[in-house]
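Asks: Build me a structure from this.
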Amino acid sequence: MESTEVTPELIVRAILEIGFLLLVIGYLLAATDFRRRLAPLGAGAVATLLIFLGAWGAIQAIDRWQYDYPQAVSFIPFTRFAMYQAQLKESVSESYSWQAELTDGSTREVNIADEFSTIGLPPLSTRMRVLLGWMEDEGTPEQRADAERELELYAEGLLASLEADGVEVSSLSFARVTGTPGDENVEELDSWNIEELTR
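Replies: Residues are numbered from 1 along each chain as shown. A predicted model of the protein is given here:
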């Protein structure tokens with residue numbers, strides 16, 4: 001399924017969630033003293049708050065299929081809060097990894113979010129997963145070429161960051177990782193030696 005595809009399941013879930021949110025708001029307004037506590041703010045402020053809550057609630061429901069990066073439509077400041085579920089032991093996950101081969105022959109995992117901490121984990125993780133998809137069957141030839149170039153730019157940045165910390169790198173690689181912790185399968189998708197990254 002494409003990450004932006006609207007399926008019947010998503011539509012039903014969106015309707016159910018909007019209905020639930022409306023019930024909660026209705027309960028707060030009708031069965032509690034919430035309205036009385038809001039009254040000192042004035043009618044205009046209360047109306048603005050209710051409009052904001054309504055818009056925010058709607059975005060929670062309709063923005064769920066936007067997992068591409070960058071998103072096709074931005075609803076800021078009415079952002080959707082993505083909830084993460086616990087992984088079952090028997091489930092199989094797919095992720096990515098960066099690995100550096102050092103000049104002494106050893107290897108080390110490189111946490112891209114640590115090296116580029118100002119960007120933050122959520123946008124970096126989303127972008128890496130999009131590039132991962134483009135490098136595989138999901139992407140067009142143009143997207144694959146774009147992904148290869150963008151990953152090379154990330155590799156150049158990682159190299160500069162590692163060298164600034166005194167780490168002597170001979171090559172970097174980007175890989176697809178599947179499986180569960182302790183039973184992983186790593187498939188290298190691209191790699192760059194030091195000469196390619198410093199030319």
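Asks: in this structure, which spans are strands?
Replies: 93-102, 107-110, 169-180, 183-193 (DSSP state E).
Asks: I would like the residues contacting stretch 150-165, please.
Replies: 98, 100, 110, 112, 115-116, 131, 135, 169, 172, 174, 190, 192, 194, 196-198 (Cβ atoms under 8 Å, 6 or more residues apart in numbering). For glycine as for every other residue, the C-beta is placed from the backbone atoms N, C-alpha and C.
Asks: of those residues, buried ones?
Replies: Of all the contacts of stretch 150-165 considered here, the ones buried according to neighbour count by 16 or more other Cβ atoms under 10 Å are 98, 100, 110, 112, 115-116, 131, 135, 169, 172, 174, 192, 194, 197.
Asks: will you turn these into a markdown table that also has distance to residue 27 and pLDDT?
Replies: Formatted as a markdown table, those follow (distance: Cβ to Cβ, whole Å; pLDDT from 0 to 100):
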| residue | distance to residue 27 | pLDDT |
| --- | --- | --- |
| 98 | 48 | 89 |
| 100 | 55 | 90 |
| 110 | 50 | 87 |
| 112 | 45 | 86 |
| 115 | 47 | 83 |
| 116 | 44 | 82 |
| 131 | 45 | 88 |
| 135 | 48 | 85 |
| 169 | 58 | 88 |
| 172 | 55 | 91 |
| 174 | 50 | 90 |
| 192 | 57 | 88 |
| 194 | 63 | 84 |
| 197 | 59 | 77 |
